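Novice: following is a predicted model, sequence given first.
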Amino acid sequence: MKEPDQVGDLQIRQDLEYQHRAWFWQRIGVAMMGLVILAAILGLFGGGLFSERTLGQVDSPLSLHYERFTRFQSQQTLRVNAISEPSNQNQLRIFISRSFADAMLFESINPPASKVEAAPEYLIYSFDVSSENRPVTVTFNLRTQRFGRLRGRIGLGTGHYLDFDQFVFP
């Protein structure tokens, strides 16, 4: 058996090559943990700077505020700002694509819909509004029921619509 190396006043066994490799991988691990923490702060995993998104302009007939990144079975909110059209006699009709709606559990809608219709590709929500050409905010409180990439479409009966993507982490 080999005698231990003399290091200063100590006689110890050491493998400097192994120690340098271990230090290298330790630095890589610390850097990776730092990147994950930074991504979480910025909203990559839901609820942050990169997560929240608004589609459509404020003065347009339709705009949508939602989270691009969320977690499986977490609560989320779709906030739709819409302007009712004059031809619908105090009714605002909002449709949501069936593929997106099937991946969600609708917990509440505020204001409550006066009527809900199921079409092959869409769910259509009708809301009573006091007068036309006035902005209305509708809030859909949802809970995710599927994970992965979800694509959705939300629109008005007038043909205005917005396509949106969402990623649900497991």
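Specialist: Yes, it's here.

Novice: helix or strand for residue 125, which one?
Specialist: Remark: residue 125 resides in strand 122-128, with elements defined by DSSP states H and E.

Novice: helices or strands up against that strand?
Specialist: Helices and strands touching strand 122-128, by 3 or more Cβ pairs under 8 Å, 6 or more residues apart in numbering; DSSP states H and E, are strand 91-97, helix 98-102, strand 115-118, strand 135-144. To be clear about C-beta, it is placed using only N, CA and C from the backbone, and glycine gets the same treatment.

Novice: top helix in this protein by residue count?
Specialist: helix 16-42 (DSSP state H).

Novice: what lines up beside the following helix or strand past it in the sheet?
Specialist: Later in the chain than helix 16-42, the nearest helix or strand by DSSP H and E is strand 52-55. Sheet pairing of strand 52-55 (DSSP bridges) gives strand 62-67 (antiparallel).

Novice: touching the partner strand from outside, list them.
Specialist: The contact list for strand 62-67 (Cβ atoms under 8 Å, 6 or more residues apart in numbering) reads 46-47, 51-57, 76-83, 154-156, 160-162, 164, 166.

Novice: ChimeraX command to pick out the buried ones of those residues?
Specialist: Those of the contacts of strand 62-67 that count as buried under 16 or more other Cβ atoms under 10 Å are selected in ChimeraX with:
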select :46,51,56,76,78,80,81,82,83,154,155,156,161,162,164,166
